[in-house]
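> Quick one: sequence and predicted model below, then my questions.
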2 protein chains.
Amino acid sequence: MNGMKSSAIRELLKLTERPEIISFAGGLPAPELFPIDAMMRVSADVLENDGKAALQYTTTEGFLPLRRFIANRMKVQHVETCEQEILITSGSQQGLDFAGRVFLDEGDVVVCERPSYLGAINAFRAYQCQFKDVPMDDDGMRMDLLEETLKTTERVKFIYAIPDFQNPTGRTMSVERRRTLVELARKYNVLILEDNPYGELRFEGEILPAIKHFDTEGRVIYLGTMSKTFCPGLRIGWVSASPDVVNRFTIAKQGADLQSSTIAQRQAAKFVENYNLDDHVQRIISVYRKRRDLMLSGMEKEFPKGIEFTRPQGGLFTWVTLPRGFNAEKILERALEQKVAFVPGASFFACGGNENTFRMNYSNMSEERIVEGVKRLGHVLRTL
Amino acid sequence: MNGMKSSAIRELLKLTERPEIISFAGGLPAPELFPIDAMMRVSADVLENDGKAALQYTTTEGFLPLRRFIANRMKVQHVETCEQEILITSGSQQGLDFAGRVFLDEGDVVVCERPSYLGAINAFRAYQCQFKDVPMDDDGMRMDLLEETLKTTERVKFIYAIPDFQNPTGRTMSVERRRTLVELARKYNVLILEDNPYGELRFEGEILPAIKHFDTEGRVIYLGTMSKTFCPGLRIGWVSASPDVVNRFTIAKQGADLQSSTIAQRQAAKFVENYNLDDHVQRIISVYRKRRDLMLSGMEKEFPKGIEFTRPQGGLFTWVTLPRGFNAEKILERALEQKVAFVPGASFFACGGNENTFRMNYSNMSEERIVEGVKRLGHVLRTL
């Protein structure tokens, strides 16, 4: 427990509950896109036809038809797999925890992107690991610096990467670097933990092959989730990995919570059986694309010169870098006075520093509030 | 991971899926008692009126009305508490895992009953602890031997106990021993982890005060669950503890899975709002009581002399002790040939031994199958 600290994001979520705040702080999907009517039909169907099974215990590995659907769905990311290589988890957060539990001993090293997902850093830190973070550019983690790190660091257990529309930066790792990443992992005999919650939420161009696509020897452990393409409230994530790793994660899950919710798994399976998930994802994409456009064009217009931000091609976030010397936490206090919020970036840096950054979410606010919120934020930034 | 091994119970659950087997092996509730019609109404109500919130992320601590209901429900066990002292977990198994995560370092000692719940032993073992187990009699863990253990053992972090209708023995700790247990924990400055999934399922007499009832200084961490009184498929458990412990468990949960299923929490909250949980529990009790009676009277009649078994006043299990030298795993092989199953007892002993024991579950089989299964088992035992 000594390594654990409260998640700044979870604490900030409490702010977003205040309805008067225009919050770009969370990472919540747009609830108005949840397929509520479909879920009502699906839910009635599951309880009417399979009620006893839906409310009973099930296997740790998860509901077989859902595992089969997910295995097949991985083709979207150019990954060929089968249900034996899929374990259902309680959100992909649980996959992050199991990676720590299964692979990390005290003092082991996790290599991650600089910056990286706060929830992953906290999950790994609970297992008393060390971090080495590798700088990114617009094509993702820099492979020359990664190799430098792997060459000079002992006890690296795995490289943690979010290849598509990374949280928090919104950046995407190029296909060429994905290939190189797998080669470097092989060369230095480390694993790769690929966390891909956003890959299907691509606004322009083709979905890229997952890092796991380039894996020929079971070196990549892929974490997926339905939280961003369907509904987070069901807590349906998955691990796609070699049968050996899936078996070890399954044993971890037996101890951790026995199994994920039976009824939620059956609801999700019934939804994808009776409805077209692609259509649903397209609806999400068209709404989020518009919101991203409004946020980026607002920032172009309202933010003073010298402030940089990323231009994500999908996902939920853009990432802002202020000139050196500015402190985003201090600015957040000023922003909250204007009833607008974001997440200060420092907590996304496993090795500290970078107080002059912050993350902006565009999926959870209406177009009007995005325009108004960016305007207010621009005002705050200009007065500094 | 080195301490983890596959749960024998989970593996055996696979056997119970074969419909021709009369299985007393699992620990499953009777699915024909699940309130399916009520759940259909509750589910429609939640989605129709709070659909967006029900499918969205929520706080790590859990859905406030459900925490409030549970805090109040603890009065049944003579515990006065409030929602700030309740954390919703994904089944009480997750509470066991968090206890290990928060309190155990490698080499720390857990004191438990001999025998104890396999899923707890496995959950703690994952944190590389040691075990000291304390013999029981019909009044539960023996307090003289517990004190002996506490006096002579260093690095004890907590005492793990299942006070009511213990899994696997069906035994209940006397009220006097509960009081003594808390006194000893204070005297030797250790915590108590009270796991109470079955306390409300009492067939005769009054529900006893929980161990936590005697706790005046936040030394008892109570784990509860709706899996046995409502439906396991929702995965709703809880921790009731001091605000400091609840806070540490909440941080553990942030890293482990962020939160339990939002929709499942809201369904459970709506169920207890619109229906009388006591009525539902009474229905369960009247069915299980009959099944226990049939199992015990069958065992009296069919089992050969020299075989002992417990006479539980509630819960799901009775516990069988064969004469020394018999091996329940070998007998299981013979029993399976007769299409009847139980769980060999050895894996419930944290410190090994006791191959001449097994656990029998009576909640999950019909009256006819209980009678027939015990008859078959008696036949197997008589041929030895």
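Arrived safely, thanks for sending.

> Please make it C-alpha for all contacts and neighbour counts, starting now.
Will do.

> In the stretch 51-200 of chain A, which residue sits nearest chain B?
Residue nearest to chain B within the stretch 51-200 of chain A: A:Leu55 (4.1 Å; Cα to the nearest Cα).

> nearest residue to that residue other than its sequence neighbours?
Spatially, and ignoring its direct neighbours in sequence, A:Leu55 is nearest to B:Gly233 (4.1 Å; Cα to Cα, 6 or more residues apart in numbering or on different chains).

> isn't there a helix covering that neighbour?
Yes. Counting by DSSP: H, G, I helix; E, B strand; the rest coil, B:Gly233 is part of a helix.

> Report how many residues lie close to it.
Burial of B:Gly233 is recorded as 24 neighbouring residues (other Cα atoms under 10 Å in any protein chain shown).

> Give me the pLDDT for the closest residue to A:Ile307 other than its chain neighbours.
Of all residues not flanking A:Ile307 in the chain, A:Leu322 sits nearest, at 4.8 Å (Cα to Cα, 6+ apart). A:Leu322 is assigned a predicted lDDT (pLDDT) of 97.

> Was I right to think A:Leu322 contacts A:Phe303?
No. Judged on Cα atoms under 8 Å, A:Leu322 makes no contact with A:Phe303 at a distance of 10.3 Å.

> how far out from the middle of the chain is the longest helix anywhere in chain A?
Counting residues, the longest helix in chain A under DSSP state H turns out to be helix A:277-302. Put simply, helix A:277-302 sits 17 Å off its chain's centre (Cα atoms, centre = their mean, to the nearest Å).

> State the distance from A:Leu258 to A:Trp238.
As judged by Cα to Cα, to the nearest Å, A:Leu258 and A:Trp238 stand 15 Å apart.

> tell me what the strand of greatest length in chain A is packed against?
In chain A, taking DSSP state E as the definition, the longest strand is strand A:130-137. On a contact count with 3 or more Cα pairs under 8 Å, 6 or more residues apart in numbering or on different chains; DSSP states H and E, strand A:130-137 meets strand A:109-114, helix A:143-152.

> from these, which stretch is densest packed?
strand A:109-114 (a mean of 24; mean count of other Cα atoms under 10 Å in any protein chain shown).

> May I have the strands that pair with it, each with its orientation?
On the basis of DSSP bridges, the sheet neighbours of strand A:109-114 come out as strand A:130-137 (parallel), strand A:156-161 (parallel).

> if you average pLDDT over the shortest one, what comes out?
It refers to strand A:156-161. Per-residue scores along strand A:156-161 average to 98.

> Contacts for that strand, please.
Here strand A:156-161 makes contact (Cα atoms under 8 Å, 6 or more residues apart in numbering or on different chains) with A:103-104, A:108-113, A:116, A:150, A:185, A:190-195.

> Looking at the helices and strands packed on strand A:130-137, which is nearest to B:Asp139?
Evaluated with Cα to Cα, the helices and strands packed on strand A:130-137 place strand A:109-114 nearest to B:Asp139, the distance being 49.3 Å.

> Alpha carbons of the closest one, in CSV - could you do that?
These are the backbone C-alpha positions of strand A:109-114, laid out as CSV (Å, rounded to 0.1, in the frame of the first residue of the first chain):
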residue,chain,number,x,y,z
VAL,A,109,10.9,-1.6,-14.0
VAL,A,110,8.0,-0.5,-16.1
VAL,A,111,8.9,1.5,-19.3
CYS,A,112,6.1,3.8,-20.3
GLU,A,113,5.4,6.8,-22.5
ARG,A,114,6.1,10.3,-21.2
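
> so after that strand, what's the next helix or strand?
Next helix or strand after strand A:109-114 toward the C-terminus (DSSP states H and E): helix A:118-125.

> returning to that earlier point: now mean neighbour count too, for the strands paired with strand A:109-114, in a markdown table please.
Below are the strands paired with strand A:109-114 laid out as a markdown table (neighbours: other Cα atoms under 10 Å in any protein chain shown):
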| stretch | mean neighbour count |
| --- | --- |
| strand A:130-137 | 18 |
| strand A:156-161 | 24 |
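
> right, and the ones you listed - which one's nearest B:Val246?
Using Cα to Cα, the nearest of these to B:Val246 is strand A:130-137, at 27.0 Å.

> Tell me the helices and strands packed up against the following helix or strand past that closest one.
Sequence order places strand A:140-141 as the next helix or strand after strand A:130-137, per DSSP H and E. Helices and strands touching strand A:140-141, by 3+ Cα pairs under 8 Å, 6+ apart: there are none.

> Return the list of strands paired to strand A:140-141, each annotated with direction.
For strand A:140-141, pairing defined by DSSP bridges yields strand A:130-137 (antiparallel).

> quick one: average confidence on the partner strand?
98.

> Need the residues that contact stretch A:181-199.
Taking Cα under 8 Å, 6+ apart as the rule, stretch A:181-199 contacts A:77, A:92, A:99, A:143, A:147, A:150-151, A:156-166, A:207-208, A:211-212, A:214-215, A:219-228, A:314-316.

> Just the residues you listed: which are in helices?
With DSSP H as the criterion, helices contain A:Ser92, A:Ala99, A:Met143, A:Glu147, A:Leu150, A:Lys151 from among those.

> Now for the residues you listed: which two are most distant?
For those, the maximum inter-member distance is 29.8 Å, found between A:Ser92 and A:Lys151 (Cα to Cα).

> can you tell me the residue of the stretch 101-250 of chain A closest to chain B?
Here the stretch 101-250 of chain A gets closest to chain B at one residue, A:Gly233, 4.1 Å apart by Cα to the nearest Cα.

> mind listing what that residue touches?
Counting by Cα under 8 Å, 6+ apart, A:Gly233 has contacts A:Ser227, B:Ala54, B:Leu55, B:Gln56, B:Tyr57, B:Thr58, B:Ser261, B:Thr262, B:Ile263.

> can you do 7 Å?
B:Ala54, B:Leu55, B:Gln56, B:Tyr57, B:Ser261, B:Thr262, B:Ile263 (Cα atoms under 7 Å, 6 or more residues apart in numbering or on different chains).

> Could you do A:Ser92 as well?
The contact partners of A:Ser92, taken as Cα under 7 Å, 6+ apart, are A:Leu223, A:Gly224, A:Thr225, A:Gly237, A:Trp238.

> could you pick out which of the residues you listed are near chain B?
With the criterion set as Cα under 7 Å from any Cα of the partner chain, no member of the contacts of A:Ser92 is near chain B.

> quick revisit: of the contacts of stretch A:181-199, buried ones?
Among the contacts of stretch A:181-199, those buried by neighbour count (16 or more other Cα atoms under 10 Å in any protein chain shown) are A:77, A:92, A:99, A:143, A:147, A:150, A:156-166, A:207-208, A:211-212, A:214-215, A:219-228, A:314-316.
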